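J.: no sequence for this one, just the structure:
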């Protein structure tokens, strides 16, 4: 069917796309999206043939005071069903559960009682033991489970291998390469995807990619991951997400040739909801994010700089970052 | 020295960087940059260890009325020397000469009378015969010569091969893969760079890359070209350039590990000159450029849309482009 010179990039039948606009974008505004926005993202995901929508976090209401955050920090059944009803669509719904920040034993209901299809367990490398317990719990409750090891650009290979060894025996169906700092170049993504695939070989588990756009490489790194066998890929509408944002869905769907995907609903959403949001919220690959990405640092200093006097002063931000290392 | 897992990307000793901020950026504002700006770009190029600066075009003053354009459309010796004097630096100066738009026989002086070091002959594929004559003329006059075949994403392989066959026997020291429409993905760049290298094998000629950023792939495509042996790479400060702009120099120098390159002067220039310019001129990978890039079209419809009512209406622009094909 596909006659492109690079069929493995443009049409991988088993490739599944996850939209994490509301979940990752919520990190900019304490998850305070209005129902209209969340419903519009849901409708666009359904209309464009996207496979999964990650609607928010299942964060602990003891760690995080509900009064201080929007609904998408907690994703109770009531909150989710207010938007999606019983989700009478082919779109699967996911929520993220952070190790160390989630009352997962109590707050994640059995799948039979939930509108969620998948739990994405997120952890830093030192939290792998709790993540393993969380994965088992979610699988026992009937969910499809995914594991996102965050900030992977700061983790040594030996530790990655240990984590993958544990995840190999877990019930996680997908393990995602997560470049939280937007610091990886495509060569480094290739090495990581190869490493994950090799470690999970023969298990039937999928490898995913979650890229950040600090160096304008989120889309390219996603392409590179697909070429090297990642079959679960994350994107967000207009790249919305903390700091530099994520792989833009409009670029990703523009590349993929599988006719199940339709890009027009994404442009509609961007026109009606994301461009207006850009006037309120700051995200995208600005100079400060270029710099923390290049330095393999958490974006928090860049976020702070862009909210203050250093917004238009990348040179001074650069000098500060260099002085502090 | 270099212990990165990808030394071929991050430290290629023979890699040379060309800044085309003033030349490509001039396409946005009819080349009307003030002397302060051009001098600041020149100073930043010298200070950051960049190898070449392309200062503008050698356009015909009969085809283009000088009153309607800024100086950097024409680059007379007087205009250039007003900024660079006799260029007492290691930075080499280049100007672009477009086939069909240049009185090259008369307007390009012998190298001994010029502050220029290199002539970059730019042509569309059907102009290769004139480009061959221009290359011979510039080489005879004593210049280093480069050939940029533009809009390569629209050219059939057989024609590319014919052009490379002719260029193989020419005096051009470098042939550049030019993605004028910002339409190529890294896989396609790889195939083209491999094709150019193979065709020029054994001649000592270099292959270059000039990427546009319509799909946020300019930096990634430049990386991919470097991995596959391109040794002449173009960038612009803050990605300034027509439409979606070019590969951002601050990202490129942030990747390269050769200590001859210094990034701080680039951030200084961006803070003092490019961020202010962003308030006046529109460039960068906006939705309209995403769409023409995905469609492998010239950006002119996108440029028009962004100057008018469709600036905030990517859906309507998408519908218009789809209706017109």
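T.: Received, thanks. All figures in this text were calculated on a predicted structure; none of them were measured in a lab. Numbers count the residues shown, from 1 in each chain, chains lettered A, B, ... in the order given.

J.: Residue A:219 is in what secondary structure piece?
T.: If you go by DSSP states H and E, residue A:219 is part of helix A:218-227.

J.: And for residue A:204?
T.: Following DSSP H and E, there is no helix or strand that holds residue A:204.

J.: for it, what are its contacts?
T.: The contact partners of residue A:204, by Cβ atoms under 8 Å, 6 or more residues apart in numbering or on different chains, come to residue A:173. For every residue, glycine as well, the C-beta is placed using N, CA and C.

J.: got the angle between the helix holding residue A:219 and helix B:218-227?
T.: Orientation check (axes from the mean of the first three to the mean of the last three Cα atoms, to 10 degrees): helix A:218-227 against helix B:218-227 gives 50 degrees.

J.: could you say what helices and strands the helix or strand just after helix A:218-227 packs with?
T.: Using DSSP H and E, the next helix or strand after helix A:218-227 towards the C-terminus is strand A:232-235. Under the contact definition 3 or more Cβ pairs under 8 Å, 6 or more residues apart in numbering or on different chains; DSSP states H and E, strand A:232-235 sits against strand A:16-19, strand A:174-179, strand A:206-211, helix A:218-227, helix A:249-255.

J.: residues in contact with the residue nearest to residue A:124 when sequence neighbours are not counted?
T.: Setting aside the residues directly before and after it, residue A:124 is nearest to residue A:150 in space (Cβ to Cβ, 6 or more residues apart in numbering or on different chains), at 5.5 Å. Going by Cβ under 8 Å, 6+ apart, residue A:150 touches A:122-124, A:178, A:180.

J.: Determine which two of those residues are furthest apart.
T.: Farthest apart among the contacts of residue A:150 by Cβ to Cβ are A:123 and A:180. That separation is 11.5 Å.

J.: quick revisit: wait, does the helix holding residue A:219 make contact with chain B?
T.: Yes. Residues of helix A:218-227 contacting chain B under Cβ under 8 Å from any Cβ of the partner chain: A:218-221, A:223-224, A:227.

J.: buried residues in stretch A:47-63?
T.: Across stretch A:47-63, burial judged by 16 or more other Cβ atoms under 10 Å in any protein chain shown covers A:47-60.

J.: pLDDT and distance to residue B:98 added to those, as a markdown table?
T.: Putting those into a markdown table (pLDDT from 0 to 100; distance: Cβ to Cβ, whole Å) gives the following:
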| residue | pLDDT | distance to residue B:98 |
| --- | --- | --- |
| A:47 | 98 | 44 |
| A:48 | 98 | 41 |
| A:49 | 98 | 43 |
| A:50 | 98 | 44 |
| A:51 | 98 | 47 |
| A:52 | 98 | 48 |
| A:53 | 98 | 48 |
| A:54 | 98 | 49 |
| A:55 | 98 | 52 |
| A:56 | 98 | 53 |
| A:57 | 98 | 54 |
| A:58 | 98 | 59 |
| A:59 | 98 | 58 |
| A:60 | 98 | 63 |
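
J.: Let's see which of those residues end up in strands.
T.: Members of these lying in strands (criterion: DSSP state E): A:52-57.

J.: with these in mind, which one is nearest to residue A:40?
T.: Out of these, the member with the shortest distance to residue A:40 (by Cβ to Cβ) is residue A:53, at 11.7 Å.

J.: Tell me if I'm right that residue A:233 and residue A:12 touch.
T.: No. With contact defined as Cβ atoms under 8 Å, residue A:233 does not count as touching residue A:12 (9.5 Å).

J.: list residues touching both of these two?
T.: Common neighbours of residue A:233 and residue A:12 are listed as residue A:226 (criterion: Cβ under 8 Å, 6+ apart).

J.: which residues does the residue of the stretch 201-325 of chain A found nearest chain B contact?
T.: Residue nearest to chain B within the stretch 201-325 of chain A (Cβ to the nearest Cβ): residue A:220, separated by 3.0 Å. For residue A:220, the contact set (Cβ under 8 Å, 6+ apart) comprises A:186, B:186, B:216-217, B:219-221, B:223.

J.: Need the residues you listed in TSV (columns: distance to residue B:258 and pLDDT).
T.: Shown next, in TSV, are the contacts of residue A:220 (distance: Cβ to Cβ, whole Å; pLDDT from 0 to 100):
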residue	distance to residue B:258	pLDDT
A:186	19	96
B:186	22	96
B:216	25	98
B:217	23	98
B:219	17	98
B:220	20	98
B:221	20	98
B:223	15	97
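
J.: what angle sits between the helix holding residue A:219 and strand A:206-211?
T.: Here helix A:218-227 runs at 170 degrees with respect to strand A:206-211, directions being taken by the same axes, to 10 degrees.

J.: No further questions, thank you.
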